[in-house]
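Undergrad: I'd like to go over a predicted model; first the sequence, then the structure.
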Amino acid sequence: MPHAKRSMLPWTITDGRAGNVRQAVALASALQLGGQHRLRLQPKAPWRWFAPRLLPGAMQGFGDDFLRMAGASPGLAIGCGRQAAGALRLLRRQGTRTVQILDPRINPRHWDLVVAPAHDRLHGGNVLTLLGSLNPVSDEWLACGRAAFSSFEQLPGPRTAVLVGGPTDHAPWQLEEIVPLFRQLAAQVRGEGGSILATTSRRTPRAVTQALLQAFDDVPGVIWSDGGDGSNPYAGLLGWAHRIVCTPDSVNLLSEACATRVPVSVMLGHRAQARLRHFQSALIERGRLLEALAALDADPSQPVEPLRETPRIAAEVKARLGL
């Protein structure tokens, strides 16, 4: 396949899942190479079943957009997730430098660099480890969130952000466990005369969302629970919060909360299992994460050191690849 001139901007390659896109884009942005191109793969059977292992004809297995992009053989490609890992292997054979985010579950030697969370316990000369996940949260990002949702400043303080995900195999919490915590949290915020800034996710069960709305029905604030509520104010929630409380089911959610400069605590943290539990334990040992609703009682005068791993990883990638 003839190659056109290599793109000087990095490509981010993912399967389109929000968490994977967010990490790949965050790293590409932190590299500050003047921009990026984004590609969503369209993996086909049987190749998608085996990725990142490659079958004959794999170049045809990730969709027409990938095939066109591969013809230009970009200089740098950043992928996140298993499908992206397979696509990156093909690009590397054509001379593209490749950075794979998340453990590909096969030998890391197939990529120039692999970026993996420490709780995956992946090791190798080309493996870069971090605590948590890559994300865009910085002081500038938070300032933009405050500017975009400036009306939140009028809400009474202290403002408590509540980030609600949903039960997973690695954090199988239940409705009956979280309802009392919602009520306890609402009672404390109500007693302080403060306000609530809450958001749910695609994984949040309807019953949990209803319990959240009911618990905070008479508390000032904003609760974003679906697309019908308008633009997701997530960046504004993190930017204006005086403290943050999260459910225990998402490494990305906790990483982004802990990248702010306010106290963070995790509800039902004891329900986290395996690698997710190791991650939360590391944050607790570091003093960056509190348990249950302890963030509400944290001393607001004490400075908080944010968890900012993305700039460190970006600097290492640039050094290793000579960018």
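TA: Thanks, I have it. Numbering: from 1, shown residues only.

Undergrad: how about Gly19, secondary structure?
TA: The assignment at Gly19 comes out as helix when based on DSSP: H, G, I helix; E, B strand; the rest coil.

Undergrad: how about it, what does it touch?
TA: Gly19 sits next to Ser133, Asn252 when contact means CB atoms under 8 Å, 6 or more residues apart in numbering. Where C-beta positions appear, they are placed from N, C-alpha and C, glycine not excepted.

Undergrad: Give me the pLDDT for it.
TA: At Gly19 the predicted local confidence, pLDDT, stands at 90.

Undergrad: And for the one 10 residues further on?
TA: At Ser29, the predicted lDDT confidence score is 96.

Undergrad: I'd say it and Leu134 touch.
TA: No. Counting by CB atoms under 8 Å, no contact exists between Ser29 and Leu134, whose distance comes to 9.9 Å.

Undergrad: Who has more neighbours out of these two?
TA: It is Leu134, of Ser29 and Leu134, that has more neighbours when counted by other CB atoms under 10 Å, with 26 against 19.

Undergrad: Compute the number of surrounding residues for Val115.
TA: Neighbours of Val115 (other CB under 10 Å): 29.

Undergrad: residue contacts, it?
TA: Counting by CB under 8 Å, 6+ apart, Val115 makes contact with Leu27, Val99, Gln100, Ile101, Leu102, Val127, Leu128, Thr129, Leu130, Leu134, Ile313, Val317.

Undergrad: Could you list the low-pLDDT ranges of the protein?
TA: Across the chain, residues meeting the criterion (pLDDT under 70) sit at 1-7, 226-230.

Undergrad: go again using 80 as the cut-off
TA: When residues are selected by pLDDT under 80, those of the chain lie in 1-8, 226-231.

Undergrad: residue nearest the centroid of it?
TA: Most central in the chain under CA atoms, centre = their mean is Asn252, positioned 3.2 Å from the mean C-alpha point.

Undergrad: Would you mind confirming that that residue is in contact with Asn135?
TA: Yes. The pair formed by Asn252 and Asn135 meets the contact definition of CB under 8 Å, at 6.7 Å.

Undergrad: The contacts of Val115 in strands, which ones?
TA: Here DSSP state E is the test, and those give Val99, Gln100, Ile101, Val127, Leu128, Thr129, Leu130 as lying in strands.

Undergrad: Then Pro56 would be within a helix, right?
TA: No. With three-state DSSP as the criterion, Pro56 is coil rather than part of a helix.

Undergrad: That one - how many residues pack around it?
TA: Residues contacting Pro56 under the criterion other CB under 10 Å number 8.

Undergrad: nearest to Arg275, of the contacts of Val115?
TA: Leu102 (11.6 Å; CB to CB).

Undergrad: if we can go back for a sec, so what sits against both of Asn252 and Asn135?
TA: The overlap between the contact sets of Asn252 and Asn135 (CB under 8 Å, 6+ apart) consists of Arg22, Gln23.

Undergrad: contact partners of stretch 187-198?
TA: Surrounding stretch 187-198, the residues in contact under the criterion CB under 8 Å, 6+ apart are 152, 155-164, 186, 212, 216, 218-224, 233, 236-237, 240-242, 293, 296.
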